[in-house]
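Novice: I'd like to go over a predicted model; first the sequence, then the structure.
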Amino acid sequence: MIKKCLFPAAGYGTRFLPATKSMPKEMMPIVNKPLIEYGVDEAIQAGMTDMCIVTGRGKHSLMDHFDKNYELEHQISGTSKEALLDNIREVIDSANFTYIRQREMKGLGHAILTGKHLVGDEPFAVVLADDLCINKEQGVLAQMAALYKQFRCSIVAVEEVPADETHKYGVIAGESLTDNLMRVTDMVEKPEQGTAPSNLAIIGRYILTPDIFDILENTEPGKGGEVQITDALLEQAKNGCVLAYKFKGTRFDCGSVEGFIEATNYCYENIYK
Ligand code: G1P
């Protein structure tokens, strides 16, 4: 039912400099697969077919990754190495990739609004590739897409974090609907220490209804002088139709060096080996 998945991928990845000086942070590999490919795998597993990527300057290798490389394929054709291309070949065959460039970095809300031209007037998913989510049975986006079918509302994935880490995230407050689902009543982007409405942090998986675009067009810059998706979602929540979902699975913050190393060790032990 949800066909499109938006990947904001225009950021600089400054925490990984100098590695990200000329390489997009989304191309950093966890073992042998770039971060963004994990996100695309998750979207495909959730039945999505259109990957809409918001890129920026110097991100050509993202587009090359999701395209054929005839020379390489010719070179390794028929050798044992060919199997290493199985996943990416399948990805390229089962999804369409479209790109738009975000010319100025004005925040996540602005990046999502930039993607409007690719998404159009339909509900869509958003994946922040920095947040690597792993769940063997059913990926987080598939869990959320199933909920969307039932509720037809925007949905944010949330996770409990220690109180001294809430300032790094969008944080929600809500009324419980079930054990793992809430109706959002409040939402704050990166609250100051000690002021968070709960310890439920938004992680980088969203399902958004398309009215979010009109709201984003009228959302003033917020925290850090940037247009925040969290502020737009709070506006959308006024009609009672934003849900927060405590997902099943493990999430790694690959935007930090520590999280990146943890994800690498986990994937090496549990997936690669
Ligand atoms: C963004 C969002 C924030 C969310 C986080 C999840 O922040 O603005 O609400 O909690 O992603 O990773 P960023 O990490 O881009 O600063």
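Specialist: Yep, it's here. Residues are numbered from 1 along each chain as shown.
Novice: quick one: the helices in this structure?
Specialist: For the chain, the helices defined by DSSP state H cover 35-45, 60-65, 70-76, 86-94, 108-114, 116-119, 140-151, 212-217, 229-237, 257-267.
Novice: export these to TSV and append columns for distance to the ligand and mean pLDDT.
Specialist: Where you see a C-beta, it was placed from the backbone N, CA and C, and this is true even at glycine. Output for these, formatted as TSV (distance: least, Cβ to the nearest ligand atom, whole Å; pLDDT from 0 to 100):
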stretch	distance to the ligand	mean pLDDT
helix 35-45	12	97
helix 60-65	18	93
helix 70-76	33	90
helix 86-94	23	92
helix 108-114	5	97
helix 116-119	18	97
helix 140-151	13	97
helix 212-217	13	97
helix 229-237	5	97
helix 257-267	10	97
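Novice: so can I have JSON lines of those showing mean neighbour count and distance to residue 2?
Specialist: Shown next, in JSON lines, are the helices of the chain (neighbours: other Cβ atoms under 10 Å; distance: least, Cβ to Cβ, whole Å):
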{"stretch": "helix 35-45", "mean neighbour count": "23", "distance to residue 2": "9"}
{"stretch": "helix 60-65", "mean neighbour count": "15", "distance to residue 2": "22"}
{"stretch": "helix 70-76", "mean neighbour count": "10", "distance to residue 2": "32"}
{"stretch": "helix 86-94", "mean neighbour count": "13", "distance to residue 2": "15"}
{"stretch": "helix 108-114", "mean neighbour count": "24", "distance to residue 2": "15"}
{"stretch": "helix 116-119", "mean neighbour count": "18", "distance to residue 2": "11"}
{"stretch": "helix 140-151", "mean neighbour count": "19", "distance to residue 2": "5"}
{"stretch": "helix 212-217", "mean neighbour count": "19", "distance to residue 2": "14"}
{"stretch": "helix 229-237", "mean neighbour count": "24", "distance to residue 2": "17"}
{"stretch": "helix 257-267", "mean neighbour count": "16", "distance to residue 2": "26"}
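Novice: to residue 203, which of those helices lies closest?
Specialist: helix 140-151 (8.3 Å; Cβ to Cβ).
Novice: kindly export the closest one (C-alpha atoms) in CSV.
Specialist: Extracted C-alpha coordinates of helix 140-151, given in CSV (Å, rounded to 0.1, in the frame of the first residue of the first chain):
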residue,chain,number,x,y,z
VAL,A,140,10.8,-2.0,11.3
LEU,A,141,9.3,-0.4,8.2
ALA,A,142,7.2,-3.5,7.5
GLN,A,143,5.9,-3.4,11.1
MET,A,144,5.0,0.3,10.5
ALA,A,145,3.4,-0.3,7.1
ALA,A,146,1.1,-2.9,8.6
LEU,A,147,0.1,-0.4,11.3
TYR,A,148,-0.5,2.3,8.6
LYS,A,149,-3.0,-0.1,6.9
GLN,A,150,-5.0,-0.3,10.1
PHE,A,151,-4.8,3.4,11.3
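Novice: which residues does the residue of the chain found nearest the ligand bridge with?
Specialist: Proximity of the chain to the ligand (Cβ to the nearest ligand atom) peaks at residue 170, 2.5 Å away. Beta-bridge pairing for residue 170 (DSSP bridges): residue 189.
Novice: run a quick neighbour tally on it.
Specialist: By other Cβ atoms under 10 Å, 24 other residues sit near residue 170.
Novice: so who does it touch?
Specialist: 156, 187, 188, 189, 190, 201, 202, 228, 229, 230 (Cβ atoms under 8 Å, 6 or more residues apart in numbering).
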